[in-house]
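Colleague: Structure for this input, please:
(chains A and B)
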Number of protein chains: 2
Amino acid sequence: MSESFRDVAVIGLGLLGGSVALAARARIPGVRVVGYDADPAVRARAAEIGLADAIADTPAQAVAGAQLVVFCVPVGAMGAAAAAVAPHLPADCVISDVGSSKASVLKALGEALPGATIVPAHPVAGTEQSGPDAGFATLFVGRWCILTPAEDADEAAVARVSAFWEALGAKVEMMDAAHHDLVLAVTSHLPHLIAYTIVGTASDLEEVTQSEVIKYSAGGFRDFTRIAASDPTMWRDVFLHNRDAVLTMLQVFTEDLTELQKAIRKGDGAALFDHFTRTRAIRRSIIAMGQDDARPDFGRDHGVATAPATEDAARPR
Amino acid sequence: MSESFRDVAVIGLGLLGGSVALAARARIPGVRVVGYDADPAVRARAAEIGLADAIADTPAQAVAGAQLVVFCVPVGAMGAAAAAVAPHLPADCVISDVGSSKASVLKALGEALPGATIVPAHPVAGTEQSGPDAGFATLFVGRWCILTPAEDADEAAVARVSAFWEALGAKVEMMDAAHHDLVLAVTSHLPHLIAYTIVGTASDLEEVTQSEVIKYSAGGFRDFTRIAASDPTMWRDVFLHNRDAVLTMLQVFTEDLTELQKAIRKGDGAALFDHFTRTRAIRRSIIAMGQDDARPDFGRDHGVATAPATEDAARPR
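Modeller: The predicted structure is shown next:
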């Protein structure tokens, strides 16, 4: 196995950047991580909580001596972030990122850093939290990280970036950037779009108040609100930068939804039952693959004291 | 506060019926719960795991001496379940249920049990599991239970059913049946329909394999698979029996989705950002109201050993 990197620069210190920094320091012996964020408030907070070995004040400081630079900014900001460090990059430095769309990022990084060694990466992991306090060292453990190097990419660099992500606990897979964008459009981007939509729909109804929606959210709705609480800037950029794949998948989804709508309208119970039976198998496979919690209801606590709600309910009667 | 009931019959011993039986026995001193299920295998299993004080062999035995009969069967089976016990119901016995659609259930129970005292109920609680092994005594703690009695319903019976659900840990709310059906269409039925749809969509793609969908499900998709693993019979019935409200909400959702689709197609980042920002507030309110887990990612374990996936990832490198 290839060696990972010793000097790592992380550009962008939100949930992903913070987690990369913490994971690298926790899991790669002897590594030195320098962090940088364009936002001075984020830099100050990152320094305060010790996200990295050092927090740089400028892009130049951030990449000085770096063997690997990982861009952890929204995909729409990749080009600008790369341009800011471009004049200061050490020779032989390898460039990677954590963006959720890969064709657009490969293009943006390639244009901003002509001639650089670029190995784009997408760790399929996250939470609905964002900002420098949201990161944690185990975010990538057991999750997949997809690398989408160009066909003529430097093989040694690909092997090292691969070793880096494996050191962070991820399982690495290679994929063509365009195929990545299609796969993630269905496993990540479309689900987010749907969740954002239904949460908006429920907020704006005339017949049902927002307070009712909140109170009775345990019937299923609350699950969608988690995803719909994800970072707005990140997701705006994902939809703008993976537009074609998202629109393709959305088209298929809409056709399928129309079919179920028709079954409901016509009272076709057999069609509904058949559809609802098929979808169970997928969850079993996801759990068997270790990609989700097997406990019912995601292991949510039932009957454990939280907010005012439970204090009242737990009173003996 | 009114007294609850001493002799309770639970008809239908799946997730909800089993939880009602276990919760009543755990939380109401001196209660006696008799369980019954039309399926002999379920009755046998319920007896084996001790779901109730007694498991009846017939509907007649189940309701003998009952002060409260709670129907916990799919909403499409309410009429038949009620008809089976109708000749055997004690005088002054109160009838309730746990169905997810209320106008149709009120009608079905009223027709099968003319003259009976009926107080329909819907505890907004559940997991994706089903069957007699799925129930647990704390399912209703801190959750809302909506009662939808007819306008001329017996007030004393309503108070006792209310006390029963409060004893089980729930918070009780009164609602008109038609309004209930509209509220739950958006907080529960539409989310399930959407989840069932997208999981079906992802399973049937030509461009992306099912194995890829499973592997990269942590990007958001896996959340939907939990809901889409819910009981097919129960959900077929919900959509058939709350058809109009579901189709109304689906129409609004589709319009909203089309609007976001248009924003993506036109590259309108401001519209996307604005929408994605508004939806964050709802989740905060749901957590503040104690209706969901405040921990990121539903408190899923990150980096804790589960299936083969993690064993591999945890290997030192």
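
Colleague: Packing partners of the longest helix along chain A?
Modeller: Counting residues, the longest helix found in chain A (DSSP state H) is helix A:243-266. On a contact count with 3 or more C-beta pairs under 8 Å, 6 or more residues apart in numbering or on different chains; DSSP states H and E, helix A:243-266 meets helix A:177-184, helix A:190-203, helix A:269-288, helix B:190-203, helix B:243-266. Backbone N, C-alpha and C define where each C-beta goes, glycine included.

Colleague: In a markdown table: those helices, plus distance to A:Ala153 and mean neighbour count.
Modeller: Below are the helices and strands packed on helix A:243-266 laid out as a markdown table (distance: least, C-beta to C-beta, whole Å; neighbours: other C-beta atoms under 10 Å in any protein chain shown):
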| stretch | distance to A:Ala153 | mean neighbour count |
| --- | --- | --- |
| helix A:177-184 | 11 | 23 |
| helix A:190-203 | 29 | 25 |
| helix A:269-288 | 31 | 18 |
| helix B:190-203 | 29 | 26 |
| helix B:243-266 | 30 | 18 |
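
Colleague: A:Asp231 is nearest to which of those?
Modeller: helix A:190-203 (10.5 Å; C-beta to C-beta).

Colleague: right, is that closest one up against chain B?
Modeller: Yes. Helix A:190-203 reaches chain B (C-beta under 8 Å from any C-beta of the partner chain) through A:190-203.

Colleague: repeat for stretch A:267-280
Modeller: Yes. For stretch A:267-280 and chain B, the contact criterion (C-beta under 8 Å from any C-beta) is met by A:Gly267, A:Gly269, A:Leu272, A:Phe273, A:His275, A:Phe276, A:Thr277, A:Arg278, A:Thr279, A:Arg280.

Colleague: Check for me that A:Val34 belongs to a strand.
Modeller: Yes. Judged by DSSP: H, G, I helix; E, B strand; the rest coil, A:Val34 forms part of a strand.

Colleague: That one: neighbour count?
Modeller: Look at A:Val34: counted by other C-beta atoms under 10 Å in any protein chain shown, it has 22 neighbours.

Colleague: do the same with A:Phe136
Modeller: A:Phe136, neighbours per other C-beta under 10 Å, totals 18.

Colleague: residues contacting it?
Modeller: Counting by C-beta atoms under 8 Å, 6 or more residues apart in numbering or on different chains, A:Phe136 makes contact with A:Gly18, A:Ser19, A:Leu22, B:His302.

Colleague: got those as TSV, with neighbour count columns?
Modeller: Converted to TSV, these look like this (neighbours: other C-beta atoms under 10 Å in any protein chain shown):
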residue	neighbour count
A:Gly18	30
A:Ser19	28
A:Leu22	22
B:His302	19
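
Colleague: mind showing which ranges of the stretch 201-317 of chain A have poor pLDDT?
Modeller: For the stretch 201-317 of chain A, the stretches flagged by pLDDT under 70 are A:303-317.

Colleague: which other residues reach stretch A:44-56?
Modeller: By C-beta under 8 Å, 6+ apart, the surrounding residues in contact with stretch A:44-56 are A:9-10, A:13, A:18, A:21-22, A:25, A:32-37, A:43, A:62, A:64, A:131-133, A:135.

Colleague: now with 7 Å?
Modeller: A:10, A:13, A:18, A:21-22, A:25, A:32-37, A:43, A:62, A:132-133, A:135 (C-beta atoms under 7 Å, 6 or more residues apart in numbering or on different chains).

Colleague: Please apply the same query to stretch A:269-287.
Modeller: Stretch A:269-287 has contacts (C-beta under 7 Å, 6+ apart) with A:260, A:263, A:292, A:294, B:196, B:199-200, B:203, B:214, B:217, B:222, B:225-226, B:228-229, B:232-233, B:235-236, B:239-240.

Colleague: before we move on, what about stretch A:63-72?
Modeller: Contacts of stretch A:63-72 with the rest of the structure, by C-beta under 7 Å, 6+ apart, involve A:5-12, A:14, A:16-17, A:20, A:78, A:81-82, A:85, A:88-90, A:93-98, A:164.

Colleague: So which of those sit within strands?
Modeller: Under the assignment DSSP state E, the contacts of stretch A:63-72 contribute A:Asp7, A:Val8, A:Ala9, A:Val10, A:Ile11, A:Val94, A:Ile95, A:Ser96, A:Asp97 to strands.

Colleague: re the thing from before, how far off helix A:269-288 does the longest helix of chain A point, in degrees?
Modeller: Put simply, helix A:243-266 runs at 140 degrees to helix A:269-288, going by axes from the mean of the first three to the mean of the last three C-alpha atoms, to 10 degrees.

Colleague: For the ones in strands among the contacts of stretch A:63-72, could you give me CSV that also reports neighbour count and distance to A:Leu147?
Modeller: Formatted as CSV, those follow (neighbours: other C-beta atoms under 10 Å in any protein chain shown; distance: C-beta to C-beta, whole Å):
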residue, neighbour count, distance to A:Leu147
A:Asp7, 18, 20
A:Val8, 26, 16
A:Ala9, 31, 19
A:Val10, 32, 17
A:Ile11, 28, 18
A:Val94, 22, 12
A:Ile95, 26, 12
A:Ser96, 28, 8
A:Asp97, 27, 11
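
Colleague: any chance of those residues in a markdown table, plus distance to chain B?
Modeller: Below are these laid out as a markdown table (distance: C-beta to the nearest C-beta, whole Å):
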| residue | distance to chain B |
| --- | --- |
| A:Asp7 | 18 |
| A:Val8 | 16 |
| A:Ala9 | 21 |
| A:Val10 | 19 |
| A:Ile11 | 22 |
| A:Val94 | 18 |
| A:Ile95 | 22 |
| A:Ser96 | 18 |
| A:Asp97 | 16 |
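
Colleague: and the host helix or strand of A:Ser211, what does it pack onto?
Modeller: Using DSSP states H and E, A:Ser211 sits within helix A:210-215. Secondary-structure packing of helix A:210-215 (3 or more C-beta pairs under 7 Å, 6 or more residues apart in numbering or on different chains; DSSP states H and E): helix B:269-288.

Colleague: where's the helix it packs on relative to the chain centroid, distance-wise?
Modeller: 26 Å (C-alpha atoms, centre = their mean, to the nearest Å).

Colleague: between it and helix A:190-203, how many degrees?
Modeller: 70 degrees.

Colleague: okay, helix B:269-288 in PDB with CA atoms only?
Modeller: Extracted C-alpha coordinates of helix B:269-288, given in PDB (Å, rounded to 0.1, in the frame of the first residue of the first chain):
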ATOM      1  CA  GLY B 269     -29.300  30.000  -7.300                       C
ATOM      2  CA  ALA B 270     -31.000  32.700  -5.300                       C
ATOM      3  CA  ALA B 271     -34.300  30.900  -5.500                       C
ATOM      4  CA  LEU B 272     -32.700  27.700  -4.400                       C
ATOM      5  CA  PHE B 273     -30.800  29.300  -1.500                       C
ATOM      6  CA  ASP B 274     -33.900  31.100  -0.300                       C
ATOM      7  CA  HIS B 275     -35.900  27.900  -0.300                       C
ATOM      8  CA  PHE B 276     -33.200  25.800   1.400                       C
ATOM      9  CA  THR B 277     -32.800  28.500   4.100                       C
ATOM     10  CA  ARG B 278     -36.500  28.500   5.100                       C
ATOM     11  CA  THR B 279     -36.700  24.800   5.600                       C
ATOM     12  CA  ARG B 280     -34.000  24.800   8.400                       C
ATOM     13  CA  ALA B 281     -36.300  26.500  10.900                       C
ATOM     14  CA  ILE B 282     -38.900  23.700  10.900                       C
ATOM     15  CA  ARG B 283     -36.400  21.200  12.100                       C
ATOM     16  CA  ARG B 284     -35.300  23.400  14.900                       C
ATOM     17  CA  SER B 285     -39.000  23.700  16.000                       C
ATOM     18  CA  ILE B 286     -39.500  20.000  15.900                       C
ATOM     19  CA  ILE B 287     -36.500  19.400  18.100                       C
ATOM     20  CA  ALA B 288     -37.500  22.100  20.500                       C
END
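
Colleague: so how many other residues sit close to A:Gly30?
Modeller: Applying other C-beta under 10 Å, we find 6 residues neighbouring A:Gly30.

Colleague: So it sits against A:Val8, correct?
Modeller: No. At 11.2 Å, A:Gly30 does not count as touching A:Val8 under the criterion of C-beta atoms under 7 Å.

Colleague: Fine by me, thanks again.
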